[in-house]
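Q: Pasting the sequence and the predicted model now:
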Amino acid sequence: MKFECRGCKKSFSGSGLTVNIHGNDQMYCADCYWKLQAEYNKKKTCEDCGYYDEESCEKYKKTLVPAKVGFNSYFVEAEKCRDFTTEKKGNPKKKEKELSQTQKETTALVKNLSEKGQTLTLYCCHCGAPIKIGAKAPEIQDTCSRCKGDLEIVNLSKFIKQHQ
């Protein structure tokens, strides 16, 4: 089955990446998806506003609808908001950034590899560049050093467990 990318209008086979913007599901190819995600990462979001409180705006007393790009949700209504402020207003309950269980497990596995002096090499899913984790590179990379592609797609803990 052939699909058409909403970004570049090229047709491709296989499953595309679904993005939900303004309530509409749209299909993108991997390249356009990556560009779209980078674009949304640059926008100011409601989460940075002092009126933001757990997916709602305290100023306007309304629930915010996120734009979903892959696994990420962006509250980009702040781009149009006249009352956007970074000062804390009232008593907003901002979520502190905590590591998920998978991230904690991955960090522990990479530390274990480093202690053993072992290094695993995986390859970037965008450009094929080798990425080392373990003794030679104890820090976990979020992006590829060559193409700057997002590496969040790769489940590192599963990859490390399979190769131990």
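A: Noted; the coordinates are in hand.

Q: What distance do you get for the closest residue to F12 other than its chain neighbours to C127?
A: Nearest residue to F12 in three dimensions, chain neighbours excluded: C29, at 5.4 Å (CB to CB, 6 or more residues apart in numbering). Backbone N, C-alpha and C define where each C-beta goes, glycine included. Taking CB to CB, to the nearest Å as the measure, C29 falls 15 Å from C127.

Q: Likewise for Y52?
A: In terms of CB to CB, Y52 sits 36 Å off from C127.

Q: Likewise for I140?
A: The gap separating I140 from C127 is 19 Å, by CB to CB.

Q: go on, Y33?
A: Where C127 is concerned, Y33 sits at a distance of 15 Å (CB to CB).

Q: Compare those two and say which is more crowded by neighbours.
A: Using other CB atoms under 10 Å as the criterion, Y33 and C127 rank with Y33 on top: 21 against 11.

Q: backbone phi and psi for the closest residue to that one other than its chain neighbours, please?
A: Nearest residue to Y33, sequence neighbours excluded (CB to CB, 6+ apart): L17, at 4.3 Å. The phi and psi values for L17, taken as degrees, to the nearest 10, are phi -100, psi 130.

Q: which residues does L17 contact?
A: Going by CB atoms under 8 Å, 6 or more residues apart in numbering, L17 touches M27, Y28, C29, A30, Y33, G70.
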